[in-house]
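> no letters, just coordinates:
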Ligand code: NAP
């Protein structure tokens, strides 16, 4: 598993981590086993959120006795992101996760509360040691510039954004901005959240051909393609231990320049959209 420094935290974090959205809808024992298998295979970055129903308690069960191995991330909902609301939401997540600190805490997306209020709360939480770093999610480059101007350099650990082969909008401006400012990019829904290219489609056939050459799966090729860029991490979700092992193995897969060019041709970036896509 390849590791990279996670933005200004400098923490070495695996390029492939584990998502947990809808994990509480899977068979619970299988979901816990999948997260544990993922940890065994080096996917120590676990992403959750107060929004994800029973996912936080499920993560608590999976990481029991293994907390120090994990780079644990949760998120505050924008509707809770006032100064006091952020502090309270963090306490609730810590309790549900049965831990005393988060490695990173994110604003899930921008809402009505002024960013300055949320950032002040995040800084308080950091000073208190309840979070070791904080970041944002679904921020376009304008939002990022505003956050930077409020927080100062070296504070925004990451921006978690939608990124998969069929949705490459962040390549236009968000990834370059994050690279310039040392902010980690975390690709969510790297498999298109259930809309992975069909094996019979033109793009699916390109992925299959490259996968066959490496003896891996098309999904592993997709993860390797998305994380080719320095400072880009991906967090696929799975409720199956076998899938977790497969996803982790993609963290060691290196594609050639020719293979990446074929993928880029099959999944073009497209024009820059007016608004950052999100789900
Ligand atoms: P995703 O990871 O793109 O796709 C998940 C789907 O892929 C599931 O149906 C899963 O099924 C399947 N899958 C995973 N590994 C597989 C494998 N090796 N082989 C075959 N199928 C596989 O979708 P996502 O959950 O939307 O995104 C990932 C994570 O990103 C979320 O869980 C969440 O933590 C985060 N996220 C953040 C935001 C945000 O606003 N910040 C938004 C969306 C998502 P199985 O479970 O059956 O394997």
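Arrived safely. This one's a predicted model, so the numbers in the text were calculated from it and none came from an experiment. Numbers count the residues shown, from 1 in each chain.
> could you find the closest non-adjacent residue to residue 205?
Nearest residue to residue 205, sequence neighbours excluded (Cβ to Cβ, 6 or more residues apart in numbering): residue 199, at 7.5 Å. Yep, even glycine has a C-beta here, placed from its N, CA and C like the rest.
> relative to residue 138, how far out is that neighbour?
According to Cβ to Cβ, to the nearest Å, residue 199 stands 30 Å off from residue 138.
> now residue 114
Relative to residue 138, and taking Cβ to Cβ, residue 114 is found at 17 Å.
> when residue 199 and residue 138 are compared, which one has more neighbours?
Set residue 199 next to residue 138 and count neighbours by other Cβ atoms under 10 Å: residue 138 wins out with 20 against 10.
> pretty sure that one sits against residue 110.
Yes: between residue 138 and residue 110 there is a contact under Cβ atoms under 8 Å: 7.2 Å.
> wait, residue 276 touches residue 174, no?
Yes: using Cβ under 8 Å, residue 276 is in contact with residue 174, at 6.8 Å.
> shared neighbours of these two, anything?
Common neighbours of residue 276 and residue 174 (criterion: Cβ atoms under 8 Å, 6 or more residues apart in numbering): 139, 140, 161.
> including distance to residue 215, could the residues you listed go into TSV?
Putting the shared contacts of residue 276 and residue 174 into TSV (distance: Cβ to Cβ, whole Å) gives the following:
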residue	distance to residue 215
139	38
140	39
161	31
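> look up the closest residue to residue 206, ignoring the ones flanking it.
residue 266 (4.0 Å).
> any idea how many residues pack against that neighbour?
Neighbour tally, residue 266, other Cβ under 10 Å: 18.
> cool, and the one 4 residues further on?
The local packing count at residue 270 equals 12, with neighbours defined by other Cβ under 10 Å.
> also residue 260?
That count, for residue 260 with other Cβ under 10 Å as the rule, works out to 15.
> which residues sit in contact with it?
Taking Cβ under 8 Å, 6+ apart, we find residue 260 in contact with 225, 228.
> what's the answer for residue 6, then?
12, 13, 71, 104, 133, 157, 158, 184, 233.
> again, only this time at 10 Å
12-14, 45, 71, 73, 103-104, 133, 135, 157-158, 183-184, 186, 231, 233 (Cβ atoms under 10 Å, 6 or more residues apart in numbering).
> report pLDDT for it.
pLDDT recorded at residue 6 is 98.
> kindly confirm my reading that the residue nearest to residue 205 is in a helix.
No: going by DSSP: H, G, I helix; E, B strand; the rest coil, the assignment for residue 199 is coil, not a helix.
> separation between the residue in the chain positioned nearest to the ligand and residue 203?
Proximity of the chain to the ligand (Cβ to the nearest ligand atom) peaks at residue 19, 2.3 Å away. In this view, residue 19 and residue 203 are 22 Å apart by Cβ to Cβ.
> which one of the two is surrounded by more residues?
Higher neighbour count among residue 19 and residue 203: residue 19, with 26 against 19, using other Cβ under 10 Å.
> wait, the more buried one touches residue 238, no?
Yes: using Cβ atoms under 10 Å, residue 19 is in contact with residue 238, at 8.2 Å.
> and residue 54, how many neighbours does it have?
Residue 54 has 14 nearby residues by other Cβ under 10 Å.
> please apply the same query to the one 5 residues further on.
The local packing count at residue 59 equals 29, with neighbours defined by other Cβ under 10 Å.
> so for it, what's the pLDDT?
98.
> what of residue 108?
pLDDT, residue 108: 98.
> what of residue 230?
88.
> which SS class is the residue nearest the centre of the chain?
The centroid of the chain falls nearest to residue 186 when counting by Cα atoms, centre = their mean (3.9 Å). Counting by three-state DSSP, the backbone at residue 186 sits in strand.
> residue contacts, it?
6-7, 13, 17, 19, 45, 47, 73, 104, 106, 135, 137, 157-161, 163, 178, 231-235.
> next step: those residues restricted to strands.
13, 45, 47, 73, 104, 106, 135, 137, 157-161, 232-234 (DSSP state E).
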